[in-house]
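J.: Can you look at this prediction? I've put the sequence above it.
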Amino acid sequence: MGFVAAVVFAVCCWFSHGVAGQEEPIQTFVIPHSHMDVGWVYTIQESMHAYAANVYSSVTEELSKVKERRFIAVEQEFFRLWWDTVASDTQKKQVRQLIKEGRLEFIIGGQVMHDEAVTDLDDDILQMMEGHGFLYETFGVRPQFSWHVDPFGASATTPVLFALAGFNAHLISRIDYDLKDIMQKNKKLQFVWRGSPSLKSQQEIFTHTMDQFSYCTPSYLPFSNCSGFYWNGVALFPDPPKDGVYPNMSLPVTKETVHAYAKTMVENIKQRAAWFRTNHVLWPWGCDKQFYNSSVQFNNMDPLMKYINQNSKEFGVTVQYATLSEYFQTIYQSNLTWEVRGSEDFLPYSTEPYQAWTGFYASRNVLKGVARQASSRLYAAETLFTRYRISFPDGPVAKDWALDKLRALRWAVSEVQHHDGITGTESPKVADMYLQHLLQAMMGAEELLAALFLLPHNLQSPSILGEPDIEQTLEQHVIVYNPLAWNITTIVNVTVTQPSAAVFDDDGQPVPAQIQGSAHSNATYDLFIVVELGGLQYRKYLIKFPENSKAYEAKAVSFERRSVKDRAKAGRLLLPVLSECYELLFDQDTNLLHSITYLEEKRRVMITQDFWEYDANGDVKAGPISDNYIFSANGSAVRAYKAVEMEIIPGKIVTEIRHHIYFGYIFYYAYSITTRVPECFGTKLPCHRLEQTYSLGPLSLNTEVVLRTSTSVKNNRTLYSDDNGYQMMKRTYRKFTNNTLARNYFPMVRTAYIEDDLSRLVLVSDRAHGVSSQTDGQLEVMLHRRLWNNLQWNLGYNLTLNDSSVVRPTLWMMLGSVSATSKLYQREAVQLQHRPVVMPIDQPQKPWQVKEPKRGSPLRSVVLPPNLHLLSLSIPGWNYCSNHSVHLNLHSQPDYDRILLRIMHLFEEGEDPELSKPVTINLKEALQGMGEVKGVEERSLTGTWDIASLQRWKWKTADNLEKDNKQQRRQDDDFTVTISPKEIRTFFVHFVSRNF
Ligand SMILES: *[C@@H]1O[C@H](CO)[C@@H](O)[C@H](O)[C@H]1NC(C)=O
Ligand SMILES: *[C@@H]1O[C@H](CO)[C@@H](O)[C@H](O)[C@H]1NC(C)=O
């Protein structure tokens, strides 16, 4: 069937396009580019010094010399560093001129080329907005094409985001080798991608998949032992060579060599032309770390291209320097009708039969966790600062200082989204660099949060006049901020050093609380406090440490250690833990979870959880290895332990179940699970959320650990996991000739679930992991990996993953009917990402009930409907002017009055009878808790386009006719918007100034 389709296809194209290969020469678009990993083997600073700065300096110079030359600048981080710290005034002038002439073109425009498998859409949007804001403000340009040549697989969310940002075409490269092969043969590398099943054609985008040569030029030249079309050789670290002579520089193009070069290039062009429907070949000229010495590059390519064009009749090929937009422009004008791809993604990704790039989903768990934490901190700081600016434009928190803190964290969070950043595929020193940038910027954001919390409803500035009082030293004050635009009731955990406590809210009323010895330390106590907060509100809580605890003091009950050897008796003694939603049973013969009954339907599901390990091969001579990219199981997983201990701490707010997992009968345990079951009967506290935190590590070498949740759910090894937290993907188990285990691993960014007709088990996560269902009823999450191998390439670049850290990821588990969990999991995932910010503050010198007459939060709540999520609320600080040419001359203060608001509908069409409906809200009313809205302007995803003036290219598809352009748009001076399933809508909002 595939064969017939291919023939029909070829015939149809032949006629519709009417191009006969022999007559018309192939038109080749030679696109000069340099793939510059922001941080991979070398740090940003090392890369800037060794080559990255030279790329922009030398390209600027060389393009200015010859008007045919072109270059595409792909990521912004290096460019911005060059622009701010290296570029001379002359170079800046030249750059502006080159951009004007369309010869230097910014592609993607984000800070980095973000990873597609393990990043969250919040951060993908952030890093794009960060780069787009800079480009628009500085040059007035808005990138309209992507160049995702290196991310390890392609997500279906990326094309949606790029479409929303106003892009006209998308470009990917790394997809399964066997699939690419078929697509090449059938000329199906280009298609129109409808990444979202709800948004469909509304946000579709033309997508070009690079052929098997990908983004590099062929490096094999039959007549040369050097490196092909890379006349500048390879970059040298740590210092560029003083004499300008780099290693591996190719033979120059001379009278003697030009024909051989031309022949090689033409053959390659013809080979590629056969895989595409039109007579145009995209010929990327470059690779990793190229064009740091552009004069050598262009001075050799110029005569070579001239030679080919002079002989184009004979070669059947013409060549020209081009930007990416020139290539896409030409394809667009060919007026062909393109096949449509639905919302399937290209994950996971394999390069060869035993090379499944599914290991990086779990590589460097700590970095993945910190990156998400930093993103969540940024979100909280952005929302709070925005509220503060609207309410107190002349308040005492210096706005420039505040914006600097936010910008630093935006930069750090953007940077780590790089496809060798959050993926965990970088060298150890680069991982440390990312961590350091994140942690430093997070500290800045904490300072900002602290300043915003304490002001303007001034706690008295610390005074030494306060009477010394023993009571006072036994007090602690915390502020709890809910950064979401929903009201919440939840439990926060404050670590304290006293065994008994009492908690009061800011009205002096006692608050339900529970205290117990901490799960992870003998010296501290966990104090659980039930907090009720409105959307975007914070409250202060006072913790006192009296002798007689008002908080419920929970005491642990320990259960005798059970060995795996004694499993035969299992199932006799079942110990229940009951909440309003569930009955959990624990088996006293195994000390493991036995089953969970969800009480709403009184349905029991057998569930047990434990840890298993894959033993990785580290010897390249003994078969395929696992490394930071690749997962290559050396057989199936084995049980990771010999014995289990259990402790149950029955509580009035939470019941905690602690599992300590032992390798052997020794005192030391390496793994643990802490499960918290909310116990608040009859309160607003949601009971469906079972919170689990795991502790693992340090692992022994060449170990990959998975948490296995084995259930009676008949999922037939099908699972669902999310693309970037935006949408769920169905992952059907597939059998392959080779490597079936590793190729059935998938990324989980926020959510994974398994289900049958009756029940669904959902996990939501605070960081990315790999997930799989290798056996019916099983959901396996890879949490941590430590690997060492003897592959020369890995060793040379220090890319073995000898990660000896202890990791503590959190998953929330939910069980219920498919319809009940459909209502919950999206919001739960968002709530896990944006847990309340708990911040200790200095204690005021006076007892605060006296000093603080104000009741409740100083901020009014802001609440969106349950299916809408406040995706962003921030003050970007950009200076844009609606008159496109004017804003380039603005060199004023950052704009503190332009508020960026982004709202997302969390549900897919048809997912829930109620929650999937389009929602109409009046923004003026929805935001009135913040201030009085004066004006609203709808913008593209990254804010750079007025949505009314944004016209993306419409690529022809067979079903063009049924395209509904029913974009319901807001009328001017009406504040009502309707947000449909999975829509993300971005606005600039202006508030009435409160300056007097
Ligand atoms: C495609 O259509 C456009 C407008 O309809 C036209 O200007 C252009 O010449 C066409 N291109 C080809 C290759 O037919
Ligand atoms: C949210 O909480 C606030 C109080 O903090 C309350 O005034 C408001 O009515 C609540 N809104 C909703 C939708 O529950």
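T.: Thanks, I have it. Ligands and ions are numbered 1, 2, ... in the order given.
J.: The residue in the stretch 601-750 of the chain positioned nearest to ligand 2 and Gln792: what is the separation?
T.: At 10.1 Å from ligand 2, Lys684 is the closest residue in the stretch 601-750 of the chain, using Cβ to the nearest ligand atom. For the C-beta atoms, the positions are set from N, CA and C on the backbone; glycine is no exception. Counting by Cβ to Cβ, to the nearest Å, the gap from Lys684 to Gln792 is 60 Å.
J.: Gln76 now?
T.: Using Cβ to Cβ, we find Gln76 at a distance of 34 Å from Gln792.
J.: what do you get for Ala87?
T.: To Gln792, Ala87 is 38 Å away according to Cβ to Cβ.
J.: out of those two, which sits in the busier spot?
T.: Each of Ala87 and Gln792 has its neighbours counted (other Cβ atoms under 10 Å); Ala87 has more, 19 against 9.
J.: Flag every residue of the stretch 751-900 of the chain that's near ligand 2.
T.: 861, 863 (Cβ under 6 Å from any ligand atom).
J.: After the single longest strand found in the chain, which helix or strand is next? Please name it.
T.: Using DSSP state E to define each element, the chain has its longest strand at strand 603-615. Using DSSP states H and E, the helix or strand that follows strand 603-615 in sequence is strand 638-639.
J.: For that following strand, which outside residues touch it?
T.: For strand 638-639, contacts defined as Cβ atoms under 8 Å, 6 or more residues apart in numbering pick out 564, 610-613, 615.
J.: and the residues you listed, which two are the farthest apart?
T.: Farthest apart among the contacts of strand 638-639 by Cβ to Cβ are Val564 and Asp615. That separation is 17.6 Å.
J.: so who does Arg717 touch?
T.: Applying Cβ under 8 Å, 6+ apart, the residues near Arg717 are 732-733, 744, 773-776, 778.
J.: about what we covered before: out of the contacts of strand 638-639, give me the one that has the most neighbours.
T.: Phe611 (23 neighbours).
J.: shouldn't that one be in contact with Thr709?
T.: No - taking contacts as Cβ atoms under 8 Å, Phe611 lies outside contact range of Thr709: 10.8 Å.
J.: Okay, strands next: where are they in the stretch 551-700 of the chain?
T.: For the stretch 551-700 of the chain, strands defined by DSSP state E, counting those that start in this stretch occupy the ranges 552-553, 557-563, 574-578, 582-587, 592-598, 603-615, 638-639, 643-649, 654-662, 669-678, 690-696.
J.: so for the last one, what's the average pLDDT?
T.: For strand 690-696, the per-residue pLDDT values average out at 97.
J.: Near ligand 2, which residues of the protein are found?
T.: 487, 534, 537, 861, 863.
J.: Verify the stated contact: the third one with Leu859.
T.: Think Gln537. Yes - counting by Cβ under 8 Å, Gln537 touches Leu859, with 5.4 Å between them.
J.: higher neighbour count, these two?
T.: More neighbours surround Gln537 than the other of Gln537 and Leu859, with 23 against 20 (other Cβ under 10 Å).
J.: how close does that one get to Ile488?
T.: Distance of Gln537 to Ile488, computed by Cβ to Cβ: 9 Å.
J.: who touches both of the two?
T.: The contact sets of Gln537 and Ile488 overlap at Asn482 (Cβ under 8 Å, 6+ apart).
J.: In contact with the residue of the stretch 351-500 of the chain found nearest ligand 2: list those residues for me.
T.: Nearest to ligand 2, among the residues of the stretch 351-500 of the chain, is Asn487, at 3.7 Å (Cβ to the nearest ligand atom). Counting by Cβ under 8 Å, 6+ apart, Asn487 touches 532-535, 861, 863.
J.: Can you report phi and psi for the closest residue to Asn617 other than its chain neighbours?
T.: Leaving aside its chain neighbours, Asn617 sits nearest to Asn634 (4.4 Å; criterion: Cβ to Cβ, 6 or more residues apart in numbering). Per-residue torsions, Asn634: phi -100, psi 60 (degrees, to the nearest 10).
J.: In contact with Asn634, which residues?
T.: Asn634 makes contacts with 614-617, 623, 626, as judged by Cβ under 8 Å, 6+ apart.
J.: wait, which of the strands of the stretch 551-700 of the chain is closest to ligand 1?
T.: strand 603-615 (53.5 Å).
J.: Kindly export stretch 44-55 (C-alpha atoms) in CSV.
T.: Provided in CSV are the C-alpha atoms of stretch 44-55 (Å, rounded to 0.1, in the frame of the first residue of the first chain):
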residue,chain,number,x,y,z
ILE,A,44,29.7,30.1,27.7
GLN,A,45,32.7,32.2,28.6
GLU,A,46,35.1,29.6,27.1
SER,A,47,33.1,29.5,23.9
MET,A,48,32.9,33.3,23.6
HIS,A,49,36.6,33.5,24.0
ALA,A,50,37.6,30.6,21.7
TYR,A,51,35.2,31.2,18.8
ALA,A,52,31.7,32.6,19.4
ALA,A,53,32.6,36.3,19.5
ASN,A,54,34.8,35.8,16.4
VAL,A,55,31.8,34.4,14.5
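J.: buried stuff in that stretch?
T.: 44, 46-55 (16 or more other Cβ atoms under 10 Å).
J.: So which residues on this protein come close to ligand 1?
T.: Checking the chain against ligand 1 by Cβ under 6 Å from any ligand atom, the hits are 333-335.
J.: so which of the residues you listed would you say is closest to ligand 1?
T.: Ligand 1 lies nearest to Asn335 out of these, by Cβ to the nearest ligand atom, at 3.7 Å.
J.: ok so, going back, please flag which of the buried residues of stretch 44-55 sit within helices.
T.: Among the buried residues of stretch 44-55, the members found in helices (DSSP state H) are 44, 46-47, 53-55.
J.: which one of those residues sits closest to ligand 2?
T.: For these, the residue nearest ligand 2 by Cβ to the nearest ligand atom is Ile44; the value is 43.8 Å.
J.: what's that closest one in contact with, if anything?
T.: 38, 77-78, 81, 415, 433.
J.: Among those residues, which one is most surrounded by other residues?
T.: Highest neighbour count within the contacts of Ile44: Val38, with 27 neighbours (other Cβ under 10 Å).
J.: quick one: low-confidence parts of the chain?
T.: 1-22, 225, 455-473, 665-667, 843-857, 882-891, 961-973, 995-996 (pLDDT under 70).
J.: Show me it divided up by domain.
T.: If you go by automatic domain parsing, the domain ranges for the chain are 25-108+143-355, 365-457+860-991, 467-553+836-840, 557-833.
J.: Of all the ones you listed, which one is nearest Glu116?
T.: For the domains of the chain, the distance to Glu116 is smallest for domain 25-108+143-355, at 4.0 Å, taking Cβ to Cβ.
J.: tell me the SS of Met728?
T.: For Met728, the assignment made with DSSP: H, G, I helix; E, B strand; the rest coil gives strand.
J.: Good, wrapping up.
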